[in-house]
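[1] test case, fold it:
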Amino acid sequence: MMSTPSFRMAPHTIAFPFDVETAPRKGHMDSHIDRDLVIDLTRDLIRFRSVNPPGNEQEVAEFLGQRMEQLGLESRLEPLEPGRANVIGRLPGKGAGHLVFTGHLDVVPPGGQEWKHEPFDAELIDGRIYGRGSCDMKGGVAAIVAAMAALQRRGFRPRADVLIAATAGEEAGMIGAQAMSDRGSLKGSGYLVVAEPSDLDVFIAEKGVLWVRIRALGRTAHGSMPWLGVNAVSFMSRLISRLEEHSFDYMESELLGKPTLSVNTISGGNKINVVPDVCDIEVDLRTLPSQDNDEVIEIIRELAEGLAAEFHPDLRVEVWSDQNKPPLETQRSEKLVEATVEAVRSVRGEPAVGGVTYGTDAAAICPTYGIPMVICGPGAPGMAHQPDENVEVEQLVQAADIYARLARILVG
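    This next block holds a predicted model:
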């Protein structure tokens with residue numbers, strides 16, 4: 001789950017009714033979820049220290065692929081770079097319109113705060129599994145595999161493939177999902193379900209992720225003679241204020257609210273008695289469907305260059321982006337949304353439906369394949385990246401049940 005470096009905002013949720021006449025009602029389908037499999041696989045995955053950076057997801061990807069084959073599923077490893085890989089699991093169908101579930105195998109570092117439960121011991125206590133990645137999101141990955149295994153065990157033969165796209169590098173750049181798009185790994189797909197933690201509510205929109213870097217290049221001088229230099233830090237302080245005060249054009253989203261801009265890192269200067277000639281900032285923007293990320297970058301460039309011309313003729317600026325993922329919003333009337341809401345309803349009651357401020361691997365996958373997405377996964381969104389991260393076993397089992405039911409609705 002990609003988020004701003006400093007905080008994660010609560011999702012926008014809006015309840016609205018759906019009616020899918022052909023969907024199974026609560027209690028009318030036995031998905032035969034193997035509870036022990038869900039628990040054991042979640043704990044096994046947590047024990048792999050796939051911390052990003054650097055990632056090192058290949059070992060856990062290889063383990064997951066082998067485990068899926070033992071369960072009667074097909075698997076394919078997709079190496080990315082040394083020590084890093086995706087893995088795709090498949091319950092084969094006959095045609096196109098595949099149902100893709102996705103989850104990432106990397107986790108954020110445990111952090112500097114003290115844990116009561118060791119981050120990679122995967123302790124099971126009072127119906128909860130503790131550990132880094134339990135919620136975000138190895139528990140979701142395990143639930144997907146358990147659902148696919150249950151379908152395979154019951155002889156389910158889908159009209160299109162049921163796939164799990166287990167990715168590397170989601171927490172820093174979505175590199176695994178991007179590779180699946182660039183390579184055409186999910187060709188023929190029709191739907192995407194992201195198993196990020198949602199408390200099993202249904203989210204149908206996510207903000208765009210736009211990281212902009214700005215560098216100011218001035219001229220150094222002795223600190224006692226600042227008029228001989230061009231102070232890059234002084235310029236950047238003015239630019240930060242201008243960026244924060246600028247009103248970007250947008251249409252507020254019912255599901256996502258307003259866009260955000262946050263200057264989250266700054267570096268410049270090397271000695272107290274030297275006028276700094278270089279200063280860098282990193283700006284995290286979360287954009288809406290009514291905005292174009294490339295246009296936002298150009299606006300920022302124009303603001304920076306305009307202020308540079310005002311500040312000093314020798315001040316230069318460079319503006320670039322190394323993370324540019326679009327906002328996504330699936331229509332409420334989309335079959336995937338209706339089916340997901342009905343699957344959740346049949347297992348645990350009416351879900352809230354809304355949008356999230358963070359980005360997911362869907363931003364790297366959906367535009368390439370032109371498919372709708374929903375986010376629905378076990379665990380509380382606010383638990384991600386926290387010390388003593390944990391997930392309820394009951395939610396893991398319910399998630400697997402929901403995913404199996406969803407497969408029967410969409411590709412049965």
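[2] per-residue pLDDT of residue 274, please?
    You'll see residue 274 listed with a pLDDT of 98.
[3] do residue 4 as well
    37.
[4] repeat that for residue 172.
    87.
[5] and it, how many neighbours?
    Residue 172 has 14 neighbouring residues, counting by other CB atoms under 10 Å. C-beta coordinates here come from the backbone N, C-alpha and C atoms, glycine included.
[6] what's the pLDDT at the residue lying closest to it once chain neighbours are set aside?
    Sequence neighbours aside, residue 52 is the residue nearest to residue 172 in space, at 5.3 Å (criterion: CB to CB, 6 or more residues apart in numbering). Residue 52 is assigned a pLDDT of 97 by the prediction.
[7] for residue 52, phi and psi?
    phi -120, psi 120 (degrees, to the nearest 10).
[8] can you verify my assumption that it contacts residue 106?
    Yes - at 3.8 Å, residue 52 counts as touching residue 106 under the criterion of CB atoms under 8 Å.
[9] ok, those two, which is more surrounded?
    With neighbours defined as other CB under 10 Å, residue 52 and residue 106 compare such that residue 106 has more, 26 against 21.
[10] please report how far that one lies from residue 85.
    Residue 106 is 11 Å from residue 85, where distance means CB to CB, to the nearest Å.
[11] joint contacts of these two?
    57, 168 (CB atoms under 8 Å, 6 or more residues apart in numbering).
[12] may I see the buried residues of stretch 173-190?
    173-181, 185-186, 189-190 (16 or more other CB atoms under 10 Å).
[13] so what touches that stretch?
    Contacts of stretch 173-190 (CB under 8 Å, 6+ apart): 2, 57, 78, 80, 84, 86, 88, 96-100, 102, 104-105, 160-161, 163, 165, 167-170, 323, 325, 359, 361, 363-365, 367-369, 371, 410.
[14] could I get the buried residue list for the helix or strand residue 205 falls within?
    Using DSSP states H and E, residue 205 maps to strand 202-206. By 16+ other CB under 10 Å, the buried positions in strand 202-206 come out as 202, 203, 204, 205, 206.
[15] swap in stretch 253-264?
    253, 255, 256, 259, 261, 263.
[16] in strands only, show me those residues.
    Residues of the buried residues of stretch 253-264 located in strands (DSSP state E): 261, 263.
[17] distance between stretch 110-120 and the chain's centre?
    Mean-position distance between stretch 110-120 and its chain equals 22 Å (CA atoms, centre = their mean, to the nearest Å).
[18] could you do stretch 338-349 as well?
    22 Å.
[19] cool, and stretch 358-372?
    Per CA atoms, centre = their mean, the centroid offset for stretch 358-372 relative to its chain is 10 Å.
[20] how about stretch 215-230?
    42 Å.
[21] for this structure, just list every one of the helices.
    Remark: helices assigned in the chain by DSSP state H are 35-46, 58-70, 139-153, 175-183, 232-245, 293-311, 335-348, 362-369, 393-411.
[22] now tabulate the ones you listed in JSON lines and tack on mean pLDDT and distance to residue 197.
    Output for those, formatted as JSON lines (pLDDT from 0 to 100; distance: least, CB to CB, whole Å):
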{"stretch": "helix 35-46", "mean pLDDT": "98", "distance to residue 197": "13"}
{"stretch": "helix 58-70", "mean pLDDT": "98", "distance to residue 197": "19"}
{"stretch": "helix 139-153", "mean pLDDT": "98", "distance to residue 197": "7"}
{"stretch": "helix 175-183", "mean pLDDT": "98", "distance to residue 197": "17"}
{"stretch": "helix 232-245", "mean pLDDT": "98", "distance to residue 197": "31"}
{"stretch": "helix 293-311", "mean pLDDT": "98", "distance to residue 197": "26"}
{"stretch": "helix 335-348", "mean pLDDT": "98", "distance to residue 197": "14"}
{"stretch": "helix 362-369", "mean pLDDT": "97", "distance to residue 197": "14"}
{"stretch": "helix 393-411", "mean pLDDT": "98", "distance to residue 197": "9"}
